[in-house]
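Novice: Below are the sequence and a predicted model; questions follow.
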Amino acid sequence: MLLLIGISVVLLIYFYFKKCFSFWKDRGFVYMEPSIPLGNFGTVGFKEHLSDFMRREYNNFKDKGPAFGMYLLTNPGIVITDPELIKEVCSTSFEHFHERGLYVNEKSDPLWKNLFTAGGQEWRDLRAKLSPTFTSGKIKMMFPIVAEAADRMADYLKYEEITHECLEMKEIFASYTTEVIANIAFGLDTKCLGNHENEFRHITKNIFEPPKLKNFENFLIFSFPKFAKFFNLGINSKHVIEFFMATVRDNMEYREKNDIRRNDFFQLLIDVKNSDVGMSFDEITANSFIFFAAGFETSSNVMSFCSYELALNQDIQDRLRTEIEEVVERFNGEITYDGIKEMKYLDMVFNETLRIHPVVDTHVRKCTKDFKIPKTDLVIPAGVTVMIPAIGLHHDEKYFENPDVFDPNRFSDENVKKLVSHTFIPFSEGHRMCIGQRFGTMQIKIGLVKLLRNFRIFPCNKTLVPMKYTPNSGFQSALGGMWLKLEHIN
């Protein structure tokens, strides 16, 4: 009897998975063959990074149709490979794909209800409130705060006790961007460089390098959102939530009590709160948090990869340094906001870094109502997660000749005109394009300019060639750290 029950249970489970895994076949899509019980993502986060997985599968399916199906456990997802369809998803048919479909439980984690995760009318209202804070004029006002932190980074690297033979640059860049974002988003002078015990730096590591148990919990949350909601689970730990809530409350009360104003993002949010538009305390906290979380980790990784490519391509590094010195000389020896905007080759190097190493390697949307793919009989059903593989497009030889070669000239004025639309998408595209792009770009460029004016960058005996990514990192990150050699320029 027990044997019969056991066999029945096994058969029920088997047919359950067979039914779930017939989703894409029943709808006529090409798809990855899934494995019970993990679907197609069994290796991601353990043996390989998502970007390695997505690039490989993009290449396997890019010539088999505009999109292909896959499964996260039993949940169906679809990967878009056709630039025209990407345009539909991001812009033309945005009403079908306006949500990211990410898990939000504001009761347990109020930090996770922000512009990045919001959808529908809530997203539109937040975007309208926040967009004025990211104009070029507002970003320019923040330039001195960023430049001061970049100066501290350069001065720190000049200390005699620091060996330049082999430095882990990711931690240095992460400390720099933490200082910048903490100052801009919360008005805090954190002094992270050289201070590994700094509380703010410790908190950032807790967010992006959580303990294994928290990593597993977050995997369950994203895989079984209904289950997570039932048990009131949140993405961030209680300690992280309490830290940011207290930080915002204390700083807001201090500024308002002492009538203090600063040219930073936090002040702009306070101004919105006090305007006719209005903004709640939870909204200010959540959006300060996402500005910080999105801005520090992505920027530090871009700086790491850019330094890496410059170390491996000394001719490009020399040309970039020459441009920097020429522009600085034109601006009376000063590094200015307008001067950095004139550094065209710097912009080309920046874009080529993002092409080869798109820190956000896959953009995610959710189909909110059935969408028929133009010129086909295929329909993307409502509720399905849609993935846009920037990493695959950026390395597709159809759009970028010799895609693994670091060549900034791809982004010269003449060559940019030849780019196929929606094949270079480091910040996504359309209505949900990254709102903080201008600020992140400024932060990265200032840091690189200060670094290159003071140091030459070389590979060392611990530099990864070829590059390998940390499997369980949320963003692309060099496996074992970004180890490089610096030589001071006298």
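Specialist: Everything's here; your move. Bear in mind that the values here come from a model prediction, so they are computed numbers and not experimental data. Numbers count the residues shown, from 1 in each chain.

Novice: all contacts plus neighbour counts: C-alpha atoms, from now on.
Specialist: Will do.

Novice: Leaving out the residues flanking it, which one is nearest to residue 83?
Specialist: residue 422 (5.4 Å; Cα to Cα, 6 or more residues apart in numbering).

Novice: And the one you found, its phi and psi?
Specialist: Main-chain torsions, residue 422, degrees, to the nearest 10: phi 70, psi 30.

Novice: Strands of this structure, residue ranges please.
Specialist: Taking DSSP state E, the strands of the chain run over residues 67-72, 75-80, 167-168, 362-366, 371-372, 379-380, 385-389, 455-459, 483-488.

Novice: Out of those, which gets nearest to residue 245?
Specialist: Residue 245 sits nearest to strand 362-366 of all the strands of the chain, at 27.7 Å, using Cα to Cα.

Novice: Figure out the length between the terminal residues of stretch 339-350.
Specialist: Stretch 339-350 has an end-to-end distance of 16 Å (criterion: Cα to Cα, to the nearest Å).

Novice: Go through that stretch and flag the buried ones.
Specialist: 340, 343, 344, 345, 346, 347, 348, 349, 350 (16 or more other Cα atoms under 10 Å).

Novice: One more: stretch 372-381?
Specialist: 380, 381.

Novice: Can you give the distance of it from its chain's centre?
Specialist: In this view, stretch 372-381 has its centroid 29 Å away from the chain centroid, taken as Cα atoms, centre = their mean, to the nearest Å.

Novice: Span of it from start to end?
Specialist: End-to-end span of stretch 372-381 (Cα to Cα): 9 Å.

Novice: picking that back up, now the strands of the chain in a markdown table, with distance to residue 447 and mean pLDDT?
Specialist: Shown next, in a markdown table, are these (distance: least, Cα to Cα, whole Å; pLDDT from 0 to 100):
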| stretch | distance to residue 447 | mean pLDDT |
| --- | --- | --- |
| strand 67-72 | 38 | 95 |
| strand 75-80 | 35 | 96 |
| strand 167-168 | 16 | 94 |
| strand 362-366 | 26 | 95 |
| strand 371-372 | 43 | 97 |
| strand 379-380 | 43 | 97 |
| strand 385-389 | 28 | 96 |
| strand 455-459 | 12 | 96 |
| strand 483-488 | 15 | 95 |
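
Novice: With residue 135 as the reference, name the closest of these.
Specialist: That would be, of the strands of the chain and by Cα to Cα, strand 362-366, which comes in at 23.6 Å.

Novice: okay, the strands of the chain, which one's buried deepest?
Specialist: Ranked by mean neighbour count, the strands of the chain are led by strand 385-389 with a mean of 25 (mean count of other Cα atoms under 10 Å).

Novice: Now for the residue nearest to the spatial centre of the chain: which residues touch it?
Specialist: Central residue of the chain (Cα atoms, centre = their mean): residue 360, 4.2 Å from the mean position. By Cα atoms under 8 Å, 6 or more residues apart in numbering, the residues touching residue 360 are 298, 390, 426, 427, 475, 476.

Novice: will you turn these into CSV that also has distance to residue 18, neighbour count and pLDDT?
Specialist: Listed next are the contacts of residue 360 as CSV, based on distance: Cα to Cα, whole Å; neighbours: other Cα atoms under 10 Å; pLDDT from 0 to 100:
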residue, distance to residue 18, neighbour count, pLDDT
298, 39, 22, 89
390, 31, 32, 97
426, 36, 25, 95
427, 37, 19, 92
475, 33, 21, 85
476, 34, 25, 89
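
Novice: out of the strands of the chain, which comes closest to residue 98?
Specialist: Ranking the strands of the chain by distance to residue 98, with Cα to Cα as the measure, places strand 362-366 first at 7.1 Å.

Novice: hmm, who's touching the closest one?
Specialist: Residues contacting strand 362-366 (Cα under 8 Å, 6+ apart): 51, 54, 97-101, 382-391, 428.

Novice: quick one, that strand and strand 385-389 angle?
Specialist: On the basis of axes from the mean of the first three to the mean of the last three Cα atoms, to 10 degrees, strand 362-366 is oriented at 160 degrees to strand 385-389.

Novice: how about strand 362-366 as PDB, C-alpha atoms only?
Specialist: What follows is strand 362-366, C-alpha atoms only, in PDB (Å, rounded to 0.1, in the frame of the first residue of the first chain):
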ATOM      1  CA  THR A 362      19.700  41.400 -18.500                       C
ATOM      2  CA  HIS A 363      16.800  43.900 -18.300                       C
ATOM      3  CA  VAL A 364      13.500  42.500 -16.900                       C
ATOM      4  CA  ARG A 365       9.900  43.400 -17.700                       C
ATOM      5  CA  LYS A 366       6.600  41.700 -17.100                       C
END
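
Novice: where's that strand relative to the chain centroid, distance-wise?
Specialist: Put simply, strand 362-366 sits 12 Å off its chain's centre (Cα atoms, centre = their mean).

Novice: again with stretch 42-53
Specialist: Distance, centroid of stretch 42-53 to centroid of chain: 17 Å (Cα atoms, centre = their mean).

Novice: Could you export it as PDB, CA atoms only?
Specialist: Extracted C-alpha coordinates of stretch 42-53, given in PDB (Å, rounded to 0.1, in the frame of the first residue of the first chain):
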ATOM      1  CA  GLY A  42      20.100  25.300 -12.100                       C
ATOM      2  CA  THR A  43      23.700  26.500 -12.900                       C
ATOM      3  CA  VAL A  44      23.200  30.200 -12.400                       C
ATOM      4  CA  GLY A  45      24.600  31.600  -9.200                       C
ATOM      5  CA  PHE A  46      26.400  28.400  -8.500                       C
ATOM      6  CA  LYS A  47      28.600  27.400 -11.500                       C
ATOM      7  CA  GLU A  48      28.200  30.500 -13.600                       C
ATOM      8  CA  HIS A  49      27.000  34.100 -13.600                       C
ATOM      9  CA  LEU A  50      23.700  35.000 -15.200                       C
ATOM     10  CA  SER A  51      25.600  36.900 -17.900                       C
ATOM     11  CA  ASP A  52      27.600  33.900 -18.900                       C
ATOM     12  CA  PHE A  53      24.400  31.800 -19.100                       C
END
